[in-house]
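Chemist: give me a model of this one.
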Amino acid sequence: MARARKSEEERSMDSLMDAMTNVVGILLLILIVSSLGISAAVRKIVANIEPVTEQELQIMKTRRENTLEDLEKLRQLQSNMDEKKLDEEEAQLLVAELEEFEENNEELLDKTSDIEEWKKKVEEEEAKKEVNEEEIRVASTELAELKAILDQTPKREIKAAKVVNMPNPRLAPNEAVAYYVVCTNKKLYFVGDPYDHVFRVRDAIDQNFAKLAFDGEGMGSLTYALLGTRQNDQRTGYLALDETVRRTSRLDKNYAAWENIQITEFRRTGAAPNYTYEVLDPKGMLSRIFGGQDRRDLSVQKFRLDEAKVKTFFGEGTMGPADFNYFVSRNGTSDRLKLAIGFKEEGGLSPEQFKAQNSVFIDACRRASGNRDSLLYYYVAPNSFDTYLQAREVSESFKIPAGWTTWKGDRIELKPLSRRETVRFDMASLPTEEYRKIADKSGAALVVQLNDEVKNFDAKVAEMVPDEVKTPAEKQEFITRLSDERKDWIYRNLQPWARAVFEAALASTEVVGQKEIQIDVHPPEIPHTRIFVGSRPPSKPKPPEDPNKKPAPPKPPSQPTTNRLILD
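Modeler: As a prediction, this is how the structure comes out:
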């Protein structure tokens, strides 16, 4: 019995010794962790761990206090074991406490199990720290250099504020007259009314007509009529200005050479489309013009210009008034000339000049303020906005409505806001002697071409038949159709062109004084100027119309022109 009890006691002691062994192992583990500097590693790791909430921090503090209490208990237990032998009940209690310690410190055991991985992360963070410190050092050096440069930079001048009125956008009235102002190169150029410039160019052309007129041997219209103020019977347009010319013995004597210019024409009878044409006998030009009468009302016409001569005369803006260069060129493929305005570098007004009393700009503003239909419109280059603001301040002081738009370039084409209908024209500007010279030369050459077209009509049409037209029926159809169209062209165009040269020269001898005439074109096109554009009779008939072609839709009713100038 005693031996059995002894064996039971031995087993209890063995269990107690096992528990003590576990305790000693854990203590040794804690000592190893401490020796490896786990505290420093943990602090570096914690520095890279995302911040925790207040609640999580409180839980960690509680766990730490529990762990410290458990460690203290273990130390006390070890001391007690050294002093006395533990009984079985105390051993069981110690085992329970050890199990509780292992459970409470499971997180610590997990962290200490992968300590090598945490060391590696700490080393990586230290390497990043060194790189960051180097970048901070370089940035600090550059910042110091920039501060040194900034200290040497002069302080920026602070300019006075500009007062700009709030915009009040609105369309300019249709009846308003716009005076244009261009601000460029920090200067103001008062362009004014575009009509002033195009009429100035027209007058310069008239004064230099002998240098600019077309006097070659081309086929085409050499003249164009000036329209007066009388409307036609349908009231759809205006009649040409005319003058009565009487055939006197003196005229026959002065123009005897013209009677020697024999003109051959077609006479047309019948009704469209079944016209018939008869070749008239040649007749002297004077007899053809007067037709056996002693007087004729002949239209007043101007002669056309030579495009090449005009281009040479005006050059690349070499002509123009004090502030401007005039660039004259053909408007597309039309027979009209247009004007572009350039700005001389030595011209224009600085802010100090245009704000001075009695400056060109002040005088213009004063005149414009006296007409309630006047307004100013500014074209402003990017380098001259400050100039515009100062000019606008001046015009505002005169209570003149104004608007503006951005613009850049070296020349500008300006359209009038409202169009003029008529203008007074000095008929003395028609150079009668020069007209006579053109009639003697170019008119006579045009008559020769007309005579050739009429007399050799059939042969010329036969030459036009293309090689691909093979059968006699096809050839005859080609000839018939081309003959009708070609005779119609000669009758409506070439014959009137040839006679008009001589009629215009005669009418210019009678017209005197100033006449009210229609303005045929408007800026930037130059009124009462036309260039010669050659033309030839048709060389093949028009293609027949496609019977399957759908008719063009009717044009929508014309809308009133919208005024595009915006005032502000």
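Chemist: report the mean confidence score over the lengthiest helix in the chain.
Modeler: Longest helix in the chain by number of residues, with DSSP state H as the criterion: helix 115-152. The predicted model assigns helix 115-152 a mean pLDDT of 74.
Chemist: which strands or helices does that helix pack on?
Modeler: For helix 115-152, the packing partners by 3 or more CB pairs under 8 Å, 6 or more residues apart in numbering; DSSP states H and E come out as helix 38-48. The way it works is simple: take the backbone N, C-alpha and C, and place the C-beta from them, glycine included.
Chemist: chain center to the helix or strand following the helix it packs on: distance?
Modeler: Where DSSP states H and E defines the elements, the next helix or strand beyond helix 38-48 is helix 54-83. In terms of CA atoms, centre = their mean, to the nearest Å, the centre of helix 54-83 is found 83 Å from the chain centre.
Chemist: what's the helix or strand where Lys311 lies in contact with?
Modeler: Per DSSP H and E, Lys311 falls inside helix 307-314. If you take CB atoms under 8 Å, 6 or more residues apart in numbering as the criterion, helix 307-314 is touched by 205, 208, 211-214, 319, 326-330, 337, 531-532.
Chemist: who wins on neighbours among those?
Modeler: Of all the contacts of helix 307-314, Leu337 has the most neighbours under the rule other CB atoms under 10 Å, reaching 26 neighbours.
Chemist: now it. Nearest residue, chain neighbours left out?
Modeler: Ile526 (4.8 Å; CB to CB, 6 or more residues apart in numbering).
Chemist: same question, Ala322
Modeler: Excluding its sequence neighbours, the residue lying closest to Ala322 (CB to CB, 6+ apart) is Gly347, at 5.9 Å.
Chemist: got a pLDDT number for that neighbour?
Modeler: Reported pLDDT for Gly347: 94.
Chemist: report how many residues lie close to it.
Modeler: Gly347 has 16 neighbouring residues, counting by other CB under 10 Å.
Chemist: what about it, distance to Arg411?
Modeler: Per CB to CB, to the nearest Å, Gly347 is found 13 Å from Arg411.
Chemist: let me see the contact set for Pro282.
Modeler: With CB under 8 Å, 6+ apart, Pro282 has these contacts: Gln262, Ile263, Thr264, Asn451.
Chemist: hang on, the last one packs against Ile261?
Modeler: If I follow you right, that is Asn451. No - counting by CB atoms under 8 Å, Asn451 does not reach Ile261; the two are 9.7 Å apart.
Chemist: neighbour count: the two, which is higher?
Modeler: Neighbour count, other CB under 10 Å: between Asn451 and Ile261, Ile261 has more, with 22 against 17.
Chemist: and that one, what does it touch?
Modeler: By CB under 8 Å, 6+ apart, the contact list for Ile261 reads Gly284, Met285, Gly443, Ala444, Val447.
Chemist: give me the three-state assignment for the third one.
Modeler: If I follow you right, that is Gly443. helix (DSSP: H, G, I helix; E, B strand; the rest coil).
Chemist: nearest residue to it in space, please, no chain neighbours.
Modeler: Once flanking residues are discounted, Gly443 sits nearest to Val501: 3.5 Å by CB to CB, 6+ apart.
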